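> make a model of this:
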Amino acid sequence: MTGHRPRPWAVCALTAAVAVLCTTPAAARGAETLPEVRPRVETPALYDDEAGGNADADDPAIWRNAADPDRSLVVATAKEGGLRVYDLDARLVQSIAAPAAPGPDDAPGRFNNVDLVQGLKLSTGRADVAVTTDRGSDRLRVYRIDPSRPGRPLTDVTDPAAAPPVFSTGQEEINEQRTAYGLATWTDRATGRSYALVSRRERTTVALLELIPTASGGVGYRTVRTLDLPASFRLPDGTSWSPCAEPGELPQVEGMVVDPANGTLYAGQEDVGIWRMRADLTGTPRLVDTVREYGVPAVYDEATEECAAGADPGYGGARLSADVEGLTLLQESDGDGLLLASSQGDDTFAAYDREIDEDNEYEGGFRVTGASPSLDGSEECDGAAVLAAPLGSRFPNGLLVVQDGHDAPGDGDRAATNFKFVDLADVTTALDD
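Residues are numbered from 1 along each chain as shown. As a prediction, the model looks like this:
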């Protein structure tokens, strides 16, 4: 990729719970003009209204069919719309509904994030599975991927008897929707055990759940441990700062990814920045980059339901604009690679080196822009997934899939979302320039 750049951060605070690394002020470095890449294809639009099934594109994952890479799949969440499965031409293969609400006053199923586990041990043999957070019911759902069923490749193998609420104590608490939110899967190479790391909506908690095969051929899980990231931060001038939010809300985590080479978890705390920590949630997390808005004082206005920001003291980073979302790992065959992060606030993507001993140096950025009037780019990206492996004739260099929070052209006043498919060679070329 690109050559090493000067480190844009310096250690500014250390506590028993976390090591906080603060970026030098954005104004000291100036703005950066980023290269543009264009999608090759896009999925059909999803509409978050009754007519569209309350479907809202959020987070993708890429499954490679090793026996026939041309038949690889993209599995993606659509919130209340459940799961969508697409082929490499971005055509819909399968639609899986989210579970109905258990009662008339209860929250319905709402699939938020998705990730894959390869070769998960089941009582019936090993299988690749897709794991998703069901924010509506505060549970995980697990789907077996079966390439011999081209029209319905995903089958629910969640064992309901072994799939309890992740954070809540009962349905009343589930209905408050401080529930399972972000997700990353991880298989510990030392033990062979597979896990899901799950964040909690409107809280700073991340939980480590072990995925467990059950006698019925299904999958359940158990909580191993949890970790709470900070909700407030000590600034270089000695003051304390917390991101502005509605009363009672804490700065949540959503985008997460694990580097399997070293068991490192990267977690995006949306209004704060990117954390690096051990995937087993032991040790001391480190904040390796912050959003531009880090340290900016703001007051929540109940009348407008917006935060009124004060003067920027210049403690934030220069690469990310809140929210930081869509973390994904580009793993190259030679062991190199990049951490990619969606900078939702300015419609860009930032790339960082995987090397933790180099403090994940910034390696460049890019935008996903429109390829034609009918094929637009990515705005306010929620989720992203990348795979640096040949995917048949369509994407022989690998694939980047990004969510588009404002698909265009729209359908009148209806808000539309979808997913864009980008040739990975275009991304690596842009970052090398």
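> and the gap between E50 and G81?
Note on E50: its distance to G81, by C-beta to C-beta, to the nearest Å, is 12 Å. Using the backbone N, CA and C atoms, a C-beta is placed for each residue, glycine as well.
> higher neighbour count, those two?
More crowded of E50 and G81, by other C-beta atoms under 10 Å: G81, with 26 against 7.
> tell me the pLDDT of that one.
Looking at G81, its pLDDT is 97.
> circling back to that earlier point, list residues touching both of E50 and G81?
Both E50 and G81 lack any common contact, where contact means C-beta atoms under 8 Å, 6 or more residues apart in numbering.
> what pairs with the host helix or strand of V74, and is each one parallel or antiparallel?
V74 belongs to strand 73-77 when assigned by DSSP states H and E. Neighbouring strands of strand 73-77 in its sheet, by DSSP bridges, are strand 60-63 (antiparallel), strand 83-86 (antiparallel).
> quick one: low-confidence parts of the chain?
Applying pLDDT under 70 to the chain picks out residues 1-31, 410, 412.
> try it again with 90
Applying pLDDT under 90 to the chain flags the ranges 1-32, 50-51, 150, 332-336, 355-359, 409-415, 433.
> let me know whether S378 touches V368 as I believe.
Yes - at 4.1 Å, S378 counts as touching V368 under the criterion of C-beta atoms under 8 Å.
> which residues are in contact with each of the two?
39, 402, 420.
> ok now do the first one, which residues does it touch?
For P39, the contacting residues are 368, 371, 375, 377-378, 402, 420-422, taking C-beta under 8 Å, 6+ apart as the criterion.
> how about a cut-off of 10 Å?
With contact set as C-beta atoms under 10 Å, 6 or more residues apart in numbering, P39 has these partners: 90, 368-372, 375-378, 400-402, 404, 419-423, 426.
> just the buried members of the residues you listed?
Among the contacts of P39, those classed as buried by 16 or more other C-beta atoms under 10 Å are 90, 368, 371, 376-378, 400-402, 404, 419-423, 426.
> just give me the longest helix of this structure.
Identified as the longest helix of the chain according to DSSP state H is helix 424-432.
> what about the residue nearest to P35 when sequence neighbours are not counted, how many residues close to it?
Ranked by C-beta to C-beta, 6 or more residues apart in numbering and with sequence neighbours excluded, the top spatial neighbour of P35 is A430, at 3.9 Å. With neighbours defined by other C-beta under 10 Å, the count for A430 comes to 19.
> same question, A298
If we define neighbours as other C-beta under 10 Å, then A298 has 17 of them.
> that one reaches P313, doesn't it?
No - if you go by C-beta atoms under 10 Å, A298 and P313 don't touch, sitting 11.9 Å apart.
> measure how far the strand holding V74 is from the centre of its chain, please.
Strand 73-77 has its C-alpha centroid displaced from the chain centroid by 13 Å (C-alpha atoms, centre = their mean, to the nearest Å).
> work out for me the element the spatially most central residue of the chain sits within.
In the chain, the centroid-proximal residue (C-alpha atoms, centre = their mean) is G255; its distance is 3.0 Å. Using DSSP H and E, G255 sits within strand 253-259.
> between the next helix or strand after that strand and strand 253-259, how many degrees?
Using DSSP H and E, the next helix or strand after strand 253-259 towards the C-terminus is strand 264-269. Between strand 264-269 and strand 253-259, the angle comes out at 170 degrees (axes from the mean of the first three to the mean of the last three C-alpha atoms, to 10 degrees).
> quickly run through the sheet partners of strand 264-269, with directions.
strand 253-259 (antiparallel), strand 273-278 (antiparallel).
> got the buried residues for it?
So for strand 264-269, counting by 16+ other C-beta under 10 Å, buried means 264-269.
> go on, stretch 69-89?
Neighbour-count burial for stretch 69-89 [16+ other C-beta under 10 Å]: 69, 71-88.
> surely Q331 touches A261?
Yes - the pair Q331 and A261 qualifies as a contact (C-beta under 10 Å) at a distance of 7.6 Å.
> for these two, list the residues in contact with both.
Common neighbours of Q331 and A261 (criterion: C-beta under 10 Å, 6+ apart): 337, 354.
> the more surrounded of these two?
Q331 (19 against 12).
> on that earlier part again, just the CA trace of the strand holding G255, in PDB.
Listed next in PDB are the C-alpha coordinates belonging to strand 253-259 (Å, rounded to 0.1, in the frame of the first residue of the first chain):
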ATOM      1  CA  VAL A 253     -20.300   0.800  19.700                       C
ATOM      2  CA  GLU A 254     -21.500  -0.700  16.400                       C
ATOM      3  CA  GLY A 255     -18.800  -1.400  13.800                       C
ATOM      4  CA  MET A 256     -16.400  -4.200  14.900                       C
ATOM      5  CA  VAL A 257     -14.000  -6.600  13.300                       C
ATOM      6  CA  VAL A 258     -11.400  -9.100  14.600                       C
ATOM      7  CA  ASP A 259      -8.000  -9.600  13.100                       C
END
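> now it, how far from the centre of its chain.
6 Å.
> do the same with stretch 386-399
20 Å.
> which among the strands paired with strand 264-269 is found nearest to T155?
Across those, the minimum distance to T155, taken as C-beta to C-beta, is reached by strand 253-259, at 25.0 Å.
> output the longest strand along the chain as CSV, restricted to C-alpha atoms.
If you go by DSSP state E, the chain has its longest strand at strand 111-122. Only the C-alpha atoms of strand 111-122 are listed here, as CSV (Å, rounded to 0.1, in the frame of the first residue of the first chain):
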residue,chain,number,x,y,z
PHE,A,111,-31.5,-7.6,12.4
ASN,A,112,-28.7,-5.1,12.9
ASN,A,113,-25.3,-6.6,12.1
VAL,A,114,-24.0,-9.8,10.5
ASP,A,115,-20.7,-11.7,10.3
LEU,A,116,-19.6,-15.2,9.2
VAL,A,117,-17.9,-18.2,10.9
GLN,A,118,-16.2,-20.7,8.7
GLY,A,119,-16.3,-24.4,9.6
LEU,A,120,-18.2,-24.0,12.9
LYS,A,121,-18.4,-27.3,14.6
LEU,A,122,-22.0,-28.6,14.9
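> for it, which positions count as buried?
For strand 111-122, a neighbour-count test (16+ other C-beta under 10 Å) marks 111-117, 120-122 as buried.
> farthest pair within these?
N112 and K121 (25.7 Å).
> can you pull out the strands in the stretch 251-400 of the chain?
Assigned by DSSP state E, counting those that start in this stretch, the stretch 251-400 of the chain shows strands spanning 253-259, 264-269, 273-278, 286-290, 298-301, 306-309, 324-331, 337-343, 348-353, 362-368, 384-387, 399-404.
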